[in-house]
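Peer 1: When you get a sec, could you give me coordinates for this:
(one chain, ligands or ions: 1)
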Amino acid sequence: MRLGSTVSVALSGLVGTVINVEAHIASGLPAFAISGLPDAACAQSPNRVRAAAIVAGHPIRNDRITVNLSPSSIPKRGSSFDLPIACAILAAQGVISSRRTARVAHLGELGLDGTIRPVLGVLPSVLAAARDGIGHVVVPRANAGEALLVDGVRVHSFDTLHSLIETYARLDPEDFPDVDPAGVEPVATREHGDLADVVGQDTARMALEIAAAGGHHLLLVGPPGAGKTMLAERLVTLLPRLSREEALGVMSVRSVLGEVSSDAALDVTPPFEAPHHSASMAAIIGGGGGASIRPGAVSRADRGVLFLDEAPEFKKDVLQSLRQPLESGQVVVARARESVTFPARFQLVLAANPCPCGMGFGKGLDCRCQPRELRTYLARLGGPLMDRVDLQIQVAPVSLAHLNGEPGESSADVAVRVDQARAQQQQRWADLGVGLNSWVPGRVLRRGRFALPRNQLVDLHKALDRGWLTLRGFDRCLRLSWTLCDLRGGTVPTREDIGVALGLRGQGQVAA
Ligand SMILES: [Zn+2]
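Peer 2: Below is the predicted model:
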């Protein structure tokens, strides 16, 4: 029996596991079997490997071939195992040296014409290989850009199986040609406009600053044309730039979706995702048919902003399913036989018209809605979801007087205050293991050393007694007042901070 081996990577969500790919060749009835939980696409690998090997000039011999992908408990999805399987078999046949292939990670689909074709999820796969101490990866040419973003690993690309075999015949992996990183910008940022573009809207500007500083979810209620989308987009410009590790995580989601271009740069701008209200559950939460489980908008928005415009128009079950990621920062997509976890720590911005016709603002004279429609419209967002939205404000249409006013502060100026406020929170909550006021449990704010003195809470208690606030609303006001306090550089929220917080969260007038 002859043996050949190499390594590859299997992905579950964004988590990669290094897989040993071993080929055993024995005499006996010709066969070509793959063991170790291959899915349908992976199990069809023999057809593509056979065809590609013929074109490469080294046909697979008619022996009894067994390929084992271990550990066998981890599902192997898709066609990216074609290339490692071909290498392991050719090593077992003595065409290339198993000593050379053994510690090189291979990823790639083989075309019937012998070309090495792009696959999904190369970035998280190469990250996993590098973490496991693998020094060399061979990836499809179109995926080389994302692989190059990973530190501590050398990236090699070949267009065909033939050219890879030729190179293995002559060289140790140490001497393989490297992919030329020229043309790949190391770091990029996207344009999302500037807060200075927003005319008037003082309350909304303040709400954005508070939302950015404390990580609070936000609801904007206002008529069409009031600039809700423009405001939401600018939240991204106030948030801190992503760290290298965070940016790699954000890009890994795009890698799994096959959306990273070959000249990809590491984008340090927090993502902004704005799915349409007609989007399916799978598009928002994740899932999808066929072989692959795809991350949804909640994961694309990880480390950034998820914006739901016309939020009451989203399907009810979609809105309710946001609760899991809002609570845990990740989303579990369950399928018949398995479940996959994707990251989903996003900041939620909801926008809604005041009523179905959109005209129910101010005195509401132009509103054509029935009283019953008015009552149920914003209630579609659901109490449990709105319980997590600390900031609920009204956005009025811009008046002519505003158009001639002074331009507002720029995003860069506001971002300085946001950074300072965030630094203060990180210090204060370090023992709790949370970084932002919005993540602090209500009981921590009500009892113990962070509880505010009774005389400062008078207005909050009054609102609670009169039923204007629920206990959850009470906690949200406390969280907001801590952020207001951090933004002005204070140490403890004052009665005035609490007054402002009460005013801000009551504005949206969504129940509880
Ligand atoms: Zn109306």
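Peer 1: drop to CA atoms for contacts and neighbour counts, all remaining ones
Peer 2: Will do.
Peer 1: quick one: the helices in the stretch 51-200 of the chain?
Peer 2: Here the stretch 51-200 of the chain has its helices, by DSSP state H, counting those that start in this stretch, at 82-92, 98-101, 122-131, 144-147, 161-170.
Peer 1: which ones are touching the residue of the stretch 1-150 of the chain found nearest the ion?
Peer 2: Here the residue of the stretch 1-150 of the chain nearest the ion is Gly13; by Cα to the ion that distance is 43.1 Å. Shown in contact with Gly13 (Cα atoms under 8 Å, 6 or more residues apart in numbering): Ile293, Pro295, Val340, Thr341, Phe342.
Peer 1: measure it to Ala336 for me?
Peer 2: 16 Å (Cα to Cα, to the nearest Å).
Peer 1: Find the residue ranges of the stretch 351-500 of the chain scoring beneath the pLDDT cut-off.
Peer 2: 400-405 (pLDDT under 70).
Peer 1: For burial, what's the neighbour tally of the residue lying closest to Met230 once chain neighbours are set aside?
Peer 2: Nearest residue to Met230 in three dimensions, chain neighbours excluded: Val198, at 7.6 Å (Cα to Cα, 6 or more residues apart in numbering). Residues near Val198, counting by other Cα atoms under 10 Å, number 21.
Peer 1: Surely Val198 and Glu406 touch.
Peer 2: No: counting by Cα atoms under 8 Å, Glu406 is not a contact partner of Val198; they are 10.7 Å apart.
Peer 1: related to what we said a few turns ago, which one of the contacts of Gly13 is nearest to the ion?
Peer 2: Pro295 (36.0 Å).
Peer 1: Which residues of this structure lie near the ion?
Peer 2: Residues of the chain lying near the ion by Cα under 5 Å from the ion: Cys355, Cys357, Met359, Gly360, Cys367, Arg368, Cys369.
Peer 1: how near is Ala421 to Arg488?
Peer 2: 8 Å.
Peer 1: Compare neighbour counts for the two and give me the winner.
Peer 2: When neighbours are counted by other Cα under 10 Å, Ala421 and Arg488 differ, and Ala421 comes out ahead with 26 against 13.
Peer 1: For the helix or strand hosting the more buried one, give me every contacting residue.
Peer 2: Assigned by DSSP states H and E, Ala421 belongs to helix 411-428. Contact partners of helix 411-428, identified using Cα under 8 Å, 6+ apart, comprise 194-196, 209-210, 212-214, 234, 237-240, 434-437, 483, 486-487, 489.
Peer 1: cool, stretch 329-344 as well?
Peer 2: For stretch 329-344, contacts defined as Cα under 8 Å, 6+ apart pick out 12-14, 285-287, 293, 295, 298-303, 324-326, 345-346.
Peer 1: The same query, at a cut-off of 6 Å, please.
Peer 2: Outside stretch 329-344, the residues within contact range by Cα atoms under 6 Å, 6 or more residues apart in numbering are Gly13, Val298, Ser299, Asp302, Pro325, Arg345.
Peer 1: now, which of these lie within helices?
Peer 2: Val298, Ser299, Pro325 (DSSP state H).
Peer 1: The first one: neighbour count?
Peer 2: In this case it means Val298. Val298, neighbours per other Cα under 10 Å, totals 32.
Peer 1: Identify the spatial nearest neighbour of it, chain neighbours not counted.
Peer 2: Nearest to Val298 is Ala344, by Cα to Cα, 6+ apart, at 5.4 Å.
Peer 1: and if you look at Ala130?
Peer 2: Val153 (5.8 Å).
Peer 1: Please tell me how far the one you found sits from Arg117.
Peer 2: Val153 is 21 Å from Arg117, by Cα to Cα.
Peer 1: Show me which of the two is the more surrounded one.
Peer 2: Neighbours were counted for Val153 and for Arg117 using other Cα under 10 Å; Arg117 has more, 22 against 19.
Peer 1: contacting residues for the more buried one?
Peer 2: Arg117 makes contacts with Gly108, Glu109, Leu110, Pro140, as judged by Cα under 6 Å, 6+ apart.
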